[in-house]
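J.: how would this look folded up:
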Amino acid sequence: MDTSVFHLGGDLPVRRLGFGTGGLVGSGYWGPRGEAADARALLHAAVDRGVTLIDTADNYGPGLAETLIAEALYPYREDLVVATKGGVVRTGPDQWHVAGRPEDLRAMCEASLRRLRRDTLDLYQLHRLDPDVPVAEQLGALDELRREGKIRHIGLDTVTREQLEEALAIVPIAAVQNPYNLLDRSSEPVLELCEAKGIAFLPYYPLGSGGLTRTPAAALATVAAEHEAGPGQVALAWLLHRSPVLCPTPGTGSLDHLAENLDAATIRLSPRELELLDAVG
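T.: Residues are numbered from 1 along each chain as shown. Model prediction:
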C-alpha cells in the first residue's frame with residue numbers, strides 16, 4: 001500500500017502532503033499578498049511537483065485565493081482535488097464572524113463554485129460550527145448541496161471529538177481540519193476518531209505558525225541535522241509518520257519554501273528519531 005496517498009472520502013486519492021493557499025493572500029487573510037502572477041506561478045509549481053490536494057477557503061482574500069486557483073489551474077488536472085471552506089465571513093484583516101444559517105451556506109457554496117469554475121466541489125468544509133444555528137440545520141444544508149451534486153464530500157474545521165461524533169450521526173464526514181503539530185497535540189482525541197473512521201485529518205498550523213522553524217526544540221534540531229534537513233521539513237515528516245490519516249497542507253508565498261516543504265515527503269524517520277520527536281510534545 002502506498003502510504004504517501006490517502007483516499008479522501010474513500011474515493012479521491014490524494015498525495016498526503018498538499019498545499020494550503022492562506023499564504024497567497026495578504027496579512028490577516030485580507031487582500032493580495034503580492035503580484036497575482038507570482039501566486040499563480042506558486043500554484044503551478046505545487047502541481048508540477050506532484051501536489052494533488054490544494055486547500056483553500058472562500059474568506060482568504062476574501063474570494064481571492066479561490067480566484068487565483070482558477071486563474072492558474074483551470075482547466076484542472078483530473079487527479080487534482082481542491083478543498084474549500086465556507087461558513088465564515090471576513091470583514092477586515094483578522095476580522096471575521098461565523099455565518100452558519102442554511103441560506104448563507106448555500107450562497108457561499110455557490111459563490112465558491114463560480115470562483116473556482118467547478119460544477120462540484122471535491123471537499124467543502126464548514127469553517128466553523130455556528131453556535132447560534134442547530135448543528136443539524138448546518139449539516140443538513142451541506143447534505144442537501146451534496147445530494148444536488150454541488151458538493152462531493154463534507155468536512156469540518158475546528159471541532160471537538162464530541163462535535164465530530166454528533167456530526168457523524170447526521171451526515172458522512174470525509175475530513176476534519178484542526179490544529180495539530182509536533183508541539184500542539186490538543187486534538188489527539190479527534191485524530192484517534194478520524195483514524196477509527198477513516199477520516200482525513202488536515203492539520204492546520206503544521207509548522208506551529210513558523211515557531212517550529214524559528215526556534216526548533218533540541219530534539220527537532222538534532223534530527224534535522226542528522227538528515228541534513230531543515231527543522232520544518234522534519235516537523236512535516238513527523239506528521240506523515242505519525243498517522244496515515246494526517247494530510248498536512250502547509251502554505252507559503254515562496255517558491256523556495258514550497259520546494260523545502262514538499263521535500264519533507266522524502267524523509268524517512270527511524271524508530272529512534274520518532275521516539276525523540278514524540279517526546280517533544
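J.: From here on, just use CA atoms for contacts and neighbour counts.
T.: Noted.
J.: Can you classify the closest residue to Leu255 other than its chain neighbours as helix, strand or coil?
T.: Among residues not flanking Leu255 along the chain, Leu42 sits closest, at 6.1 Å (CA to CA, 6 or more residues apart in numbering). Following DSSP: H, G, I helix; E, B strand; the rest coil, the label given to Leu42 is helix.
J.: so what's Leu42 up against?
T.: Residues near Leu42 by CA atoms under 8 Å, 6 or more residues apart in numbering: Gly253, Ser254, Leu255, Leu258.
J.: what two of those residues have the greatest distance between them?
T.: Largest separation among the contacts of Leu42 by CA to CA: Gly253 and Leu258, giving 7.8 Å.
J.: how close does the residue nearest to Leu255 sit to Val81?
T.: 17 Å (CA to CA, to the nearest Å).
J.: One more: Glu188?
T.: Applying CA to CA to Glu188 and Val81 gives a distance of 26 Å.
J.: Who has more neighbours out of the two?
T.: With neighbours defined as other CA atoms under 10 Å, Glu188 and Val81 compare such that Val81 has more, 22 against 15.
J.: Find the nearest non-adjacent residue to the more buried one, please.
T.: Val81's closest residue in space is Leu53 (CA to CA, 6+ apart), at 4.9 Å.
J.: Could you do Lys150 as well?
T.: Using CA to CA, 6+ apart, the closest residue to Lys150 is Thr120 (4.4 Å).
J.: right, and that neighbour touches Ile154 too?
T.: No - with contact defined as CA atoms under 8 Å, Thr120 does not count as touching Ile154 (11.9 Å).
J.: Name the residue in the two with the higher neighbour count.
T.: More crowded of Thr120 and Ile154, by other CA under 10 Å: Ile154, with 25 against 20.
J.: So the more buried one, which state does it fall into?
T.: strand.
J.: Now do the same contact list for it.
T.: Contacts of Ile154 (CA under 8 Å, 6+ apart): Leu123, Tyr124, Gln125, Leu126, Leu142, Asp143, Arg146, Pro172, Ile173, Ala174, Ala175.
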